[in-house]
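Enquirer: The amino acid sequence is not available; the structure is as follows:
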(Lines give C-alpha, C1' and ligand atoms only; values in the text may rest on other atoms or scores of the structure.)
Protein backbone atom coordinates (compact mmCIF):
# COMPACT_ATOMS: atom_id res chain seq x y z
CA UNK A 1 0.00 0.00 0.00
CA UNK A 2 1.65 3.17 -1.24
CA UNK A 3 0.43 5.94 1.04
CA UNK A 4 2.40 8.68 -0.69
CA UNK A 5 2.38 8.73 -4.47
CA UNK A 6 5.01 10.77 -6.31
CA UNK A 7 5.30 11.81 -9.94
CA UNK A 8 7.01 11.99 -12.30
CA UNK A 9 9.53 9.20 -11.86
CA UNK A 10 12.10 11.20 -13.83
CA UNK A 11 12.27 14.76 -15.06
CA UNK A 12 14.58 16.62 -17.41
CA UNK A 13 14.54 20.42 -17.25
CA UNK A 14 16.62 22.98 -19.01
CA UNK A 15 18.87 25.23 -16.96
CA UNK A 16 16.92 28.26 -15.77
CA UNK A 17 13.59 26.49 -16.07
CA UNK A 18 11.08 25.49 -13.40
CA UNK A 19 11.11 21.94 -12.07
CA UNK A 20 7.83 20.67 -10.63
CA UNK A 21 7.40 17.43 -8.69
CA UNK A 22 4.03 16.33 -7.38
CA UNK A 23 2.93 14.17 -4.47
CA UNK A 24 -0.41 12.92 -3.23
CA UNK A 25 -1.19 11.29 0.09
CA UNK A 26 -4.06 9.23 1.44
CA UNK A 27 -3.82 9.41 5.21
CA UNK A 28 -5.51 12.58 6.48
CA UNK A 29 -3.71 12.16 9.81
CA UNK A 30 -0.42 13.20 8.20
CA UNK A 31 0.59 16.63 9.49
CA UNK A 32 4.16 17.12 8.34
CA UNK A 33 5.33 17.06 4.72
CA UNK A 34 9.07 17.31 4.07
CA UNK A 35 11.01 17.08 0.85
CA UNK A 36 14.38 15.35 0.84
CA UNK A 37 17.17 15.70 -1.72
CA UNK A 38 19.56 12.84 -2.38
CA UNK A 39 22.77 13.01 -4.41
CA UNK A 40 24.36 9.80 -5.76
CA UNK A 41 26.24 7.92 -3.05
CA UNK A 42 24.87 10.13 -0.27
CA UNK A 43 22.07 9.95 2.24
CA UNK A 44 18.90 12.00 1.80
CA UNK A 45 18.99 15.51 3.26
CA UNK A 46 16.06 17.70 4.23
CA UNK A 47 15.39 20.41 1.67
CA UNK A 48 12.19 22.08 2.83
CA UNK A 49 9.10 21.08 4.81
CA UNK A 50 5.55 22.30 5.37
CA UNK A 51 2.75 21.86 7.90
CA UNK A 52 -0.85 21.72 6.64
CA UNK A 53 -1.84 25.01 8.25
CA UNK A 54 -0.21 26.95 5.38
CA UNK A 55 -0.71 26.60 1.63
CA UNK A 56 2.77 27.61 0.54
CA UNK A 57 6.29 27.82 1.90
CA UNK A 58 9.25 29.34 0.09
CA UNK A 59 12.95 29.04 0.83
CA UNK A 60 15.17 30.60 -1.80
CA UNK A 61 14.49 28.94 -5.14
CA UNK A 62 12.47 26.13 -3.53
CA UNK A 63 8.73 26.37 -2.90
CA UNK A 64 6.25 23.85 -1.52
CA UNK A 65 2.62 24.29 -2.54
CA UNK A 66 0.12 22.44 -0.36
CA UNK A 67 -3.54 21.66 -1.14
CA UNK A 68 -5.14 20.10 1.93
CA UNK A 69 -8.55 19.43 0.37
CA UNK A 70 -6.99 17.63 -2.59
CA UNK A 71 -4.40 15.91 -0.34
CA UNK A 72 -1.64 17.00 -2.67
CA UNK A 73 1.60 18.91 -2.35
CA UNK A 74 4.29 19.82 -4.81
CA UNK A 75 7.86 21.06 -4.97
CA UNK A 76 8.77 23.86 -7.35
CA UNK A 77 12.40 24.63 -8.11
CA UNK A 78 12.75 28.00 -9.78
CA UNK A 79 15.73 28.89 -11.99
CA UNK A 80 16.83 25.23 -11.95
CA UNK A 81 20.59 24.73 -11.98
CA UNK A 82 22.79 21.74 -12.92
CA UNK A 83 23.70 21.44 -9.23
CA UNK A 84 20.03 20.68 -8.52
CA UNK A 85 20.35 17.39 -10.42
CA UNK A 86 19.52 14.76 -7.78
CA UNK A 87 16.75 12.45 -6.66
CA UNK A 88 13.95 14.16 -4.75
CA UNK A 89 11.68 12.42 -2.29
CA UNK A 90 8.49 13.74 -0.82
CA UNK A 91 7.45 12.32 2.52
CA UNK A 92 4.74 12.54 5.11
CA UNK A 93 4.48 11.81 8.79
CA UNK A 94 2.34 12.32 11.86
CA UNK A 95 4.24 14.52 14.29
CA UNK A 96 1.64 13.72 16.88
CA UNK A 97 2.23 10.01 16.35
CA UNK A 98 5.40 7.99 16.08
CA UNK A 99 6.87 10.45 13.55
CA UNK A 100 7.56 7.68 11.05
CA UNK A 101 8.37 9.12 7.62
CA UNK A 102 6.51 7.55 4.72
CA UNK A 103 8.40 8.35 1.54
CA UNK A 104 7.24 8.77 -2.03
CA UNK A 105 8.94 6.72 -4.72
CA UNK A 106 11.37 9.47 -5.72
CA UNK A 107 11.93 11.66 -8.78
CA UNK A 108 15.23 11.70 -10.58
CA UNK A 109 15.76 15.30 -11.72
CA UNK A 110 18.30 16.16 -14.40
CA UNK A 111 19.04 19.77 -15.29
CA UNK A 112 20.58 20.16 -18.73
CA UNK A 113 22.58 23.21 -19.90
CA UNK B 1 32.42 16.69 11.92
CA UNK B 2 30.15 13.84 10.82
CA UNK B 3 26.66 14.07 12.31
CA UNK B 4 25.47 10.55 11.52
CA UNK B 5 28.11 8.01 10.63
CA UNK B 6 27.82 4.42 9.48
CA UNK B 7 30.33 1.63 9.09
CA UNK B 8 31.11 -0.03 6.86
CA UNK B 9 30.28 1.96 3.72
CA UNK B 10 30.38 -1.16 1.58
CA UNK B 11 29.71 -4.73 2.62
CA UNK B 12 29.99 -7.71 0.28
CA UNK B 13 29.20 -11.11 1.70
CA UNK B 14 27.95 -14.58 0.87
CA UNK B 15 24.43 -15.86 1.35
CA UNK B 16 23.87 -17.37 4.76
CA UNK B 17 26.42 -15.21 6.55
CA UNK B 18 25.69 -12.96 9.53
CA UNK B 19 26.75 -9.33 9.39
CA UNK B 20 26.40 -6.10 11.34
CA UNK B 21 26.21 -2.45 10.38
CA UNK B 22 27.07 0.19 12.97
CA UNK B 23 25.59 3.66 13.31
CA UNK B 24 26.55 6.54 15.56
CA UNK B 25 25.16 10.07 15.85
CA UNK B 26 26.82 12.98 17.63
CA UNK B 27 23.82 15.32 17.43
CA UNK B 28 22.47 14.50 20.87
CA UNK B 29 19.25 13.22 19.31
CA UNK B 30 16.85 10.95 21.15
CA UNK B 31 15.51 9.00 18.17
CA UNK B 32 17.33 6.85 15.66
CA UNK B 33 16.09 4.93 12.61
CA UNK B 34 17.08 2.32 10.08
CA UNK B 35 15.85 2.60 6.50
CA UNK B 36 16.29 0.27 3.54
CA UNK B 37 16.66 1.70 0.02
CA UNK B 38 16.17 -0.88 -2.71
CA UNK B 39 17.52 -0.92 -6.25
CA UNK B 40 14.62 1.26 -7.41
CA UNK B 41 15.59 3.88 -4.83
CA UNK B 42 12.48 3.24 -2.74
CA UNK B 43 13.10 4.23 0.89
CA UNK B 44 11.29 2.29 3.59
CA UNK B 45 11.62 2.51 7.33
CA UNK B 46 12.60 -0.64 9.17
CA UNK B 47 13.06 0.33 12.82
CA UNK B 48 12.99 3.31 15.11
CA UNK B 49 14.43 3.65 18.62
CA UNK B 50 13.78 6.42 21.11
CA UNK B 51 16.18 6.57 24.05
CA UNK B 52 17.16 2.94 23.50
CA UNK B 53 13.54 1.81 23.38
CA UNK B 54 12.07 0.22 20.24
CA UNK B 55 9.29 2.45 18.88
CA UNK B 56 8.74 1.31 15.30
CA UNK B 57 9.18 -2.21 14.03
CA UNK B 58 7.88 -2.48 10.49
CA UNK B 59 7.24 -5.80 8.80
CA UNK B 60 10.83 -6.89 8.69
CA UNK B 61 12.04 -10.51 8.84
CA UNK B 62 13.21 -11.42 12.31
CA UNK B 63 16.63 -12.11 10.80
CA UNK B 64 17.08 -8.36 11.23
CA UNK B 65 17.74 -7.30 14.80
CA UNK B 66 18.51 -3.74 15.86
CA UNK B 67 20.53 -3.11 18.98
CA UNK B 68 20.84 0.22 20.78
CA UNK B 69 23.56 0.15 23.47
CA UNK B 70 22.98 3.84 24.17
CA UNK B 71 21.01 6.64 22.57
CA UNK B 72 23.90 7.67 20.34
CA UNK B 73 24.24 4.25 18.72
CA UNK B 74 21.88 2.00 16.78
CA UNK B 75 23.40 -1.07 15.20
CA UNK B 76 21.75 -3.46 12.76
CA UNK B 77 22.54 -7.15 12.85
CA UNK B 78 21.40 -9.39 10.01
CA UNK B 79 21.40 -13.19 10.32
CA UNK B 80 21.39 -15.70 7.49
CA UNK B 81 21.73 -13.13 4.72
CA UNK B 82 19.67 -13.64 1.58
CA UNK B 83 20.06 -12.28 -1.96
CA UNK B 84 17.03 -10.03 -1.42
CA UNK B 85 18.77 -8.27 1.43
CA UNK B 86 21.05 -6.53 -1.07
CA UNK B 87 20.26 -2.83 -0.75
CA UNK B 88 21.57 0.40 0.71
CA UNK B 89 20.83 0.72 4.41
CA UNK B 90 20.57 4.19 5.92
CA UNK B 91 20.71 5.14 9.53
CA UNK B 92 19.04 8.41 10.56
CA UNK B 93 18.43 10.38 13.72
CA UNK B 94 16.09 13.11 14.88
CA UNK B 95 15.42 15.09 18.01
CA UNK B 96 11.91 13.69 18.18
CA UNK B 97 8.92 14.95 20.11
CA UNK B 98 9.34 18.59 19.20
CA UNK B 99 5.72 18.80 18.08
CA UNK B 100 6.57 21.30 15.37
CA UNK B 101 9.02 19.78 12.95
CA UNK B 102 11.24 16.78 13.07
CA UNK B 103 14.14 16.84 10.69
CA UNK B 104 15.70 13.45 10.21
CA UNK B 105 19.43 13.49 9.52
CA UNK B 106 20.64 10.59 7.41
CA UNK B 107 23.97 8.85 7.42
CA UNK B 108 25.92 8.17 4.20
CA UNK B 109 24.51 4.68 3.80
CA UNK B 110 25.91 1.15 3.75
CA UNK B 111 25.71 -0.66 0.43
CA UNK B 112 25.16 -4.34 1.21
CA UNK B 113 25.70 -6.86 -1.58
CA UNK B 114 24.83 -10.48 -0.94
CA UNK B 115 26.34 -12.96 -3.41
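Expert: Received it, and whenever you're ready, just let me know what you need. Computed from a predicted structure; not experimentally measured.

Enquirer: Write out the residues of chain A neighbouring chain B.
Expert: Within chain A, the residues that sit near chain B (Cβ under 8 Å from any Cβ of the partner chain) are A:32, A:34, A:36, A:38, A:41-46, A:49, A:51, A:87, A:89, A:93, A:95-96, A:98-103, A:105-106, A:108. C-betas here are computed from N, CA, C, even on glycine.

Enquirer: Pull out the buried residues from those residues.
Expert: Neighbour-count burial (16 or more other Cβ atoms under 10 Å in any protein chain shown) is assigned, among these, to A:32, A:34, A:36, A:38, A:43-44, A:46, A:49, A:87, A:89, A:93, A:95, A:99, A:101-103, A:105-106.

Enquirer: Filter the residues you listed down to the ones in strands?
Expert: A:34, A:36, A:38, A:46, A:49, A:87, A:89, A:102, A:103 (DSSP state E).

Enquirer: So what sits opposite the second one in the bridge?
Expert: This points to residue A:36. On the basis of DSSP bridges, residue A:36 is bridged to residue A:46, residue A:89.

Enquirer: try the last one
Expert: Going by DSSP bridges, residue A:103 is paired in beta bridges with residue A:91.

Enquirer: Looks like it contacts residue A:88 (just checking).
Expert: No - taking contacts as Cβ atoms under 8 Å, residue A:103 lies outside contact range of residue A:88: 10.7 Å.

Enquirer: Name the residues contacting each of those two.
Expert: The contact sets of residue A:103 and residue A:88 overlap at residue A:36 (Cβ atoms under 8 Å, 6 or more residues apart in numbering or on different chains).

Enquirer: For stretch A:54-66, which outside residues touch it?
Expert: Under Cβ under 8 Å, 6+ apart, the answer for stretch A:54-66 is A:33, A:35, A:47-50, A:52, A:67-68, A:72-80.

Enquirer: Buried among the residues you listed? Need that as a selection in PyMOL.
Expert: Here is the PyMOL selection string for the buried members of those, based on 16+ other Cβ under 10 Å:
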select buried, chain A and resi 33+35+47+48+49+50+52+73+74+75+76+77+80
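
Enquirer: ok, then the element right after the lowest-mean-pLDDT helix or strand in chain B?
Expert: Across the helices and strands of chain B, mean confidence by mean pLDDT, DSSP states H and E is lowest for strand B:53-57: a mean of 82. The first helix or strand that comes after strand B:53-57 along the chain, using DSSP states H and E, is strand B:64-70.

Enquirer: quick one, that following strand and strand B:53-57 angle?
Expert: 150 degrees (axes from the mean of the first three to the mean of the last three Cα atoms, to 10 degrees).

Enquirer: just checking, what packs against strand B:64-70?
Expert: Contact analysis of strand B:64-70 by 3 or more Cβ pairs under 8 Å, 6 or more residues apart in numbering or on different chains; DSSP states H and E lists strand B:43-50, strand B:73-78 as its packing neighbours.

Enquirer: re earlier: okay, the ones in strands among the buried ones among the residues of chain A next to chain B in TSV with distance to residue B:69 and pLDDT next?
Expert: TSV is the format used below for those (distance: Cβ to Cβ, whole Å; pLDDT from 0 to 100):
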residue	distance to residue B:69	pLDDT
A:34	29	94
A:36	28	97
A:38	29	97
A:46	27	94
A:49	31	93
A:87	33	97
A:89	30	97
A:102	28	91
A:103	28	94
